[in-house]
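1. show me the folded form of this:
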Amino acid sequence: MTRPRLHWTPEEKMEAARRSCKKYYDRNHAIISLKDKASINVDSQKIPKQRVKLCAGRSGTLANVDAALNRLMNGSSTELFDNLVHNFKVSTDIKSCIQAITTLLVKVEELQQQVQECHRATLQHLGVGKELRQVELTAGRVDDVNKALEDVLMHAMDDIHSLLYHHARGELLYKKTPDFAVL
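-> Sure, this is the predicted structure:
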């Protein structure tokens with residue numbers, strides 16, 4: 001003969017489990033509280049008191065990434081993109097202009113990789129906070145430059161007249177956004 005079932009429905013089972021946990025906690029409240037206090041004290045002792053250098057690693061610091069981005073833009077993203085479009089307008093050799101944009105894209109992708117490494121290192125060593133927001137701001141700037149370069153390249157490869165038309169109407173991506181290379 002088997003034991004009779006005490007709880008037939010899932011609700012009864014959940015209520016029985018809740019009562020059991022409550023009984024256990026009420027019975028062992030003092031011991032559980034002491035363990036929680038001890039674990040909090042141990043965790044706070046493990047946190048280093050000095051600040052970890054932001055994004056210190058083999059790729060350099062976040063300031064180096066910012067400086068490289070500003071050097072790439074020569075201080076202003078709008079001027080850079082206007083110069084690129086002007087080169088398409090006056091040049092007879094379109095392939096060299098496309099090659100210039102491709103070279104810039106490669107440099108921006110390297111910056112994206114460095115920013116991703118900075119993001120991982122900052123998140124691991126410092127967690128969320130002011131430092132992580134700085135890294136995410138720089139990552140956003142690098143992404144914006146990358147998107148704008150790809151937009152100009154896409155229009156140039158599609159049709160040079162399309163690029164010039166969209167540039168004249170202010171419909172290119174870099175024309176719709178503020179100067180994102182300047183902090």
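
2. so how far is the lengthiest helix in the chain off the chain centroid?
-> Longest helix in the chain, counting residues (DSSP state H): helix 94-126. Here the centre of helix 94-126 is set off from its chain's centre by 13 Å, with Cα atoms, centre = their mean, to the nearest Å.

3. ok, and the closest non-adjacent residue to residue 6?
-> Distance criterion Cβ to Cβ, 6 or more residues apart in numbering; nearest residue to residue 6, sequence neighbours excluded, is residue 16 at 7.1 Å. Yep, even glycine has a C-beta here, placed from its N, CA and C like the rest.

4. my guess is that neighbour meets residue 9, correct?
-> No - look at residue 16 against residue 9 with Cβ atoms under 8 Å: they stay out of range, at 10.6 Å.

5. out of these two, which sits in the more crowded spot?
-> residue 16 (12 against 8; other Cβ atoms under 10 Å).

6. state the helix or strand in which that one lies.
-> Using DSSP states H and E, residue 16 sits in helix 10-27.

7. how about stretch 138-155: buried residues?
-> 138-139, 141-142, 144-146, 148-149, 151-153, 155 (16 or more other Cβ atoms under 10 Å).

8. what would those residues look like in CSV with secondary structure, distance to residue 66 and pLDDT?
-> Putting those into CSV (DSSP: H, G, I helix; E, B strand; the rest coil; distance: Cβ to Cβ, whole Å; pLDDT from 0 to 100) gives the following:
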residue, secondary structure, distance to residue 66, pLDDT
138, helix, 6, 83
139, helix, 11, 86
141, helix, 8, 85
142, helix, 9, 85
144, helix, 14, 86
145, helix, 12, 85
146, helix, 15, 86
148, helix, 18, 86
149, helix, 18, 84
151, helix, 23, 85
152, helix, 23, 83
153, helix, 24, 82
155, helix, 28, 82
